[in-house]
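Enquirer: Quick check, what structure comes out for this input:
(2 chains)
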Amino acid sequence: MRWHKRLLAAGAVTAVALTAAACAGGKVRGAEGSPQPGTSSAGTTDATFVYVPNLDVVTDWDPASSYSNEIIAMQNVYESLTRYNPQTKKAEPRLATSWTSSPDGKTWTFTLRSGAKFHTGKPVDAAAAKASIERTMKIGQGAAYIWGAVDKIEAKDPTTLVFTLKYPTALDLVASAGYASYVYDTSATSDDLKKWFGEGHDAGSGPYTIDTWQKGQETELTLKAFDGYWGGWDGAHYKKIAYRVTPELTTAWQLLQRGEVSFVERLNPQLYAQASGTPSVQTSQTPSFQNLLTLFNTANGPLKDVRLRQAVQKAIDYDGLVAALKGAGVPASGLVPEGLLGFTPGQTPKQDLAGAEALLKEAGYGPGGKQLDLSLTYAQGDADQEVLVTLLSSALDKLNVKLSAKPLQWTTQWDQGKAKDPAKRQDIFVMYWYPDYADAYSWFVNVIHSADPVSFNLSYLKDDAIDKEIDSLPELTATDKAAAEKAYADLQTKIIGEKAAVAVPYVQNYQRAYAKSVQGYADNPAYPNVVFAYDLKPGA
Amino acid sequence: MTAPGPSGAPVAPLPLRRTALSRLVGGLAGVDRLALAGAVLLGLIVLAALLAPWIAPYPDDGGSATHPLEALLPPSGAHWFGTDQVGRDVLSRVLYGARTSLVIAVAVLALSGIVGVVLGVVAGYAGGWERDVIMRVTDVFLAFPALLLSLALAVVLQPSVTTVIVAIAVTWWPWYARLTASVAASVSTRGFVDSACCLGVPAPLIVFRHVLPNSLTPVLVQLSLDGGGVILTAAALSYLGLGAHEPTAEWGLMVQQGQSLFTTDWWVVTFPGLAILVTAFAFNVLGEGLRARLAR
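Expert: Next up is the predicted model:
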């Protein structure tokens, strides 16, 4: 998982402390004027959607560099040119109503919606879109890399935006990215724009605009309807969104049961099972685009031997893990989760202890042979990863392999993985991965492709043929889907099968619980944890 | 058996027996009941640890067996303490965990006790610069908070049970060194030590035959009192991921893994937690009883 997201998870502890401090200050939980959706207000035009995240919401208000948990608010405040539809698996209109690409995939022309307005009052036109994407690229933080293919942007007329690319890319998908794809008013202030954003202002064009923002408060953020929204406010809509930070999952569940909140971002499998059997709430379980990776050190240490990597792959109790996660994970098939181009069905791995033992014996280890010592690092406090570690170390123990697993904070884990001295690096690195836009390329270019210095390529694979094939993926995806599909399948055979650089224990499931009164909710895995509140109907 | 009744008063047979009985019980009650309770409790724990392979309902679960399909079953006839995240019987793991905890406690106390007592008795008897050097070294060690030093060591070394033993022993011995040194210093001024000296007994013999045996009592009390502390520190290190690791059954590790499940699956964290509590209590009670008895 990326550092910022992991950092936030680590920050949960701080959040607990903060909440405790707030309570100690004489505040009564839920009595600080946080809007109550309840059934009483549901159905009225002033309905408030109360979202319960378990981590602080905002770390960076700048739409150019924002790359963290605030996505749950940003996606309701800002809009991108396109939005990904997980059903059709295509980008669909948002600020752009239509788009075309040249046959070589290197020129993309977007037609913008006319009549859209920024919250600052200025119109959303091609020049503004050009200015915001150029600013995002220039700042170059967060997910700005998604625009890496862009050579130049032209605003031909107020509704025509033309991108010229350095190499072919599916730019309609890039433009639907959850981060760094926002179109915003770069002329919102004459002062320093970044500072202005940081004070809690926004310059988006989405259905909602920032109402109040009090960092560290339980109800950290509220958004209110933007009257000039291009979609209009006819029919039933939530007019307000409140984000009520509740680190303790049990508390979040109690708030939902009492009807005080509308939507709980995350429950553990045990609470989720309880929620599923509660008539007053709805639940939704959707496979996400987030999977767990165990990356094997292909460059140094004992796992340099491919037979040992394959043995560890075979020792993972894939079925047992999914069973123990009780719905929080589904079996993975290949490196790419289902729903993305490049997904290879029928590749679900199975535990094979006899096969693992045979491979170990061949390499001189295993029962009766030398003892094999392996080190593994994983995320501190992540109960799901802990189950993997317990199952794996137990299975390996039977094969005379001693796994020494260290739970670490993300920065420490990542620093060790990137250590200058290869001897200091771990043998097995466990982390989550999900793409910044709905495309499998991210797993290959960020995690598998060789990189010097080391970044997220924590299997340290260096293989020119594989690198070259990865480099060809964007162009194939933009020009020849069938060929791209084949290239993805071929790469996964090489990376997981032949090279055994990585194993994918499972794909995570999103398990949400929300009030009966919320109508029209569907999880969109391309925008992790985001609820597009405008699309919902407050019901009775 | 004679019972001292009130002087001169005739003593009836029945009251006599009662008095004798009550004296026996009273003797235990006054001084040794506490120590006895601690010893019995500790004996039971040691017995449970020794007999774990025979009395654990699922001995394999104390090792590397996993049954993910039976994860997080609540306590029942089949699993008295329920099952954990990967379906292992919590009772079996608590019993096996006693082995790990006791091995750590005994090893740490033995290591730090031997090092501390030897250095202490030498410092106490020799005095002078030897005493200064040894005592300044212990001061340096005592200047660090014990858990912090153990933590630092455990981070540097690879996490394992051996690491835990070494890490705790390193922070533990200075207490015994200091304690022994002060007692040995006063013992060394006694007449019998002077006599031995005058008789020409070599210094090492004096130290180990005369000074050491007479300086041991407070250290023995301290050692038994510290058993609980060692177990708690070991649990803390494992809890922080720096001690025992999977699939070793260890109470601190079990508590750490079960804590996030406390509200829904309380048994995963509660039983190993109780085991730590009871064992630390037994050590403390035994130590306290010994202290009271030896102080008389």
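Enquirer: Now for residue B:152: which residues touch it?
Expert: Applying C-beta atoms under 8 Å, 6 or more residues apart in numbering or on different chains to residue B:152 gives no contacts. In short, each C-beta sits where N, CA and C put it, glycine included.
Enquirer: An error on my part: the question was meant for residue A:61.
Expert: Residue A:61 neighbours (C-beta under 8 Å, 6+ apart): A:70, A:197-198, A:200-202.
Enquirer: Generate a markdown table for those residues, with secondary structure, distance to residue A:446 and neighbour count as supplementary columns.
Expert: Shown next, in a markdown table, are these (DSSP: H, G, I helix; E, B strand; the rest coil; distance: C-beta to C-beta, whole Å; neighbours: other C-beta atoms under 10 Å in any protein chain shown):
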| residue | secondary structure | distance to residue A:446 | neighbour count |
| --- | --- | --- | --- |
| A:70 | coil | 22 | 23 |
| A:197 | helix | 27 | 21 |
| A:198 | helix | 28 | 13 |
| A:200 | coil | 32 | 15 |
| A:201 | coil | 32 | 17 |
| A:202 | coil | 29 | 27 |
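Enquirer: farthest pair in those residues?
Expert: Greatest spatial distance among the contacts of residue A:61 (C-beta to C-beta): A:70 and A:201, at 13.8 Å.
Enquirer: Tell me the helix or strand right after the stretch of helix or strand residue B:238 belongs to.
Expert: Take DSSP states H and E as the rule and residue B:238 turns out to sit in helix B:212-239. Next in sequence after helix B:212-239, counting helices and strands by DSSP H and E, comes helix B:251-258.
Enquirer: what residues does that following helix touch?
Expert: Here helix B:251-258 has contacts from A:386, A:390, B:84-85, B:90, B:93-94, B:97, B:100-101, B:231, B:234-241, B:243-246, B:265, B:268-270, B:272-273, B:275-276, using C-beta under 8 Å, 6+ apart.
Enquirer: Find the nearest non-adjacent residue to the residue of the stretch 1-150 of chain B found nearest chain A, please.
Expert: Nearest residue of the stretch 1-150 of chain B to chain A (C-beta to the nearest C-beta) works out as residue B:68 at 3.3 Å. Leaving out its chain neighbours, the residue that sits closest to residue B:68 by C-beta to C-beta, 6 or more residues apart in numbering or on different chains is residue A:320, at 3.3 Å.
Enquirer: do the same with residue A:284
Expert: Closest to residue A:284 by C-beta to C-beta, 6+ apart is residue A:512, at 4.9 Å.
Enquirer: Measure how buried the one you found is and give me the count.
Expert: Using other C-beta atoms under 10 Å in any protein chain shown, residue A:512 is surrounded by 22 other residues.
Enquirer: Okay, now the sheet partners of the strand or helix carrying residue A:431, with direction.
Expert: Assigning secondary structure by DSSP H and E places residue A:431 in strand A:428-433. According to DSSP bridges, strand A:428-433 forms sheet pairs with strand A:281-296 (antiparallel), strand A:372-379 (parallel).
Enquirer: If you count neighbours, what's buried in the last one?
Expert: Looking back up the chat, that one is strand A:372-379. Of all the residues in strand A:372-379, those buried under the rule 16 or more other C-beta atoms under 10 Å in any protein chain shown are A:372, A:374-379.
Enquirer: Tell me which residues touch the residue in chain A sticking out farthest from the centre, please.
Expert: Computed with C-alpha atoms, centre = their mean, the residue of chain A farthest from its C-alpha average is residue A:368, at 44.2 Å. Neighbouring residues of residue A:368 by C-beta under 8 Å, 6+ apart: A:361, A:400.
Enquirer: distance of it from residue A:403?
Expert: Going from residue A:368 to residue A:403 by C-beta to C-beta, to the nearest Å gives 19 Å.
Enquirer: tell me the contacts of residue B:112?
Expert: Contact analysis of residue B:112 by C-beta under 8 Å, 6+ apart lists B:168-170, B:172-173, B:175-176.
Enquirer: returning to that earlier point: need the phi and psi values for the residue of the stretch 1-150 of chain B closest to chain A.
Expert: Here is the backbone geometry of residue B:68 (degrees, to the nearest 10): phi -60, psi -20.
Enquirer: Over to residue B:246?
Expert: Residue B:246 adopts backbone torsions of phi -50, psi 150, taken as degrees, to the nearest 10.
Enquirer: Nearest spatial neighbour of it, chain-adjacent residues omitted?
Expert: residue A:393 (4.0 Å).
Enquirer: Show me what the helix or strand that that neighbour is a member of is packed against.
Expert: Here residue A:393 sits within helix A:383-398, counting by DSSP H and E. Helix A:383-398 sits against strand A:281-296, helix A:306-315, helix A:318-324, strand A:372-379, strand A:401-408, strand A:428-433, with contacts defined as 3 or more C-beta pairs under 8 Å, 6 or more residues apart in numbering or on different chains; DSSP states H and E.
Enquirer: Pull the distance from the shortest one to the chain's centre.
Expert: Averaging C-alpha positions (C-alpha atoms, centre = their mean, to the nearest Å) puts strand A:428-433 14 Å from its chain's average.
Enquirer: and the angle from it to helix A:383-398?
Expert: If you take axes from the mean of the first three to the mean of the last three C-alpha atoms, to 10 degrees, strand A:428-433 sits at 150 degrees to helix A:383-398.
Enquirer: what's the weakest-modelled helix or strand in chain A?
Expert: Counting by mean pLDDT, DSSP states H and E, the weakest-scoring helix or strand in chain A turns out to be helix A:3-24, with a mean of 36.
Enquirer: Give me the below-cutoff pLDDT ranges for the chain.
Expert: All of this refers to chain A. The model of chain A has pLDDT under 70 over residues A:1-46, A:540.
Enquirer: oops, I was thinking of chain B
Expert: Low-confidence segments of chain B (pLDDT under 70): B:1-31, B:295-296.
Enquirer: what's the spacing between the most centrally placed residue in it and chain A?
Expert: Against the mean C-alpha coordinate of chain B, by C-alpha atoms, centre = their mean, the closest residue is residue B:227 at 1.5 Å. With distances taken as C-beta to the nearest C-beta, to the nearest Å, residue B:227 is found 27 Å from chain A.
Enquirer: can you give me the strands in the stretch 151-300 of chain A?
Expert: For the stretch 151-300 of chain A, the strands defined by DSSP state E, counting those that start in this stretch cover A:160-165, A:182-183, A:208-213, A:219-225, A:240-244, A:263-264, A:281-296.
Enquirer: May I see those strands arranged in a markdown table, with distance to residue A:528 and mean neighbour count as well?
Expert: Shown next, in a markdown table, are those (distance: least, C-beta to C-beta, whole Å; neighbours: other C-beta atoms under 10 Å in any protein chain shown):
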| stretch | distance to residue A:528 | mean neighbour count |
| --- | --- | --- |
| strand A:160-165 | 26 | 20 |
| strand A:182-183 | 16 | 30 |
| strand A:208-213 | 19 | 19 |
| strand A:219-225 | 18 | 21 |
| strand A:240-244 | 15 | 25 |
| strand A:263-264 | 14 | 27 |
| strand A:281-296 | 7 | 21 |
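Enquirer: Let's have the ones you listed in JSON lines, adding distance to residue B:195.
Expert: Output for the strands of the stretch 151-300 of chain A, formatted as JSON lines (distance: least, C-beta to C-beta, whole Å):
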{"stretch": "strand A:160-165", "distance to residue B:195": "100"}
{"stretch": "strand A:182-183", "distance to residue B:195": "92"}
{"stretch": "strand A:208-213", "distance to residue B:195": "84"}
{"stretch": "strand A:219-225", "distance to residue B:195": "79"}
{"stretch": "strand A:240-244", "distance to residue B:195": "81"}
{"stretch": "strand A:263-264", "distance to residue B:195": "81"}
{"stretch": "strand A:281-296", "distance to residue B:195": "71"}
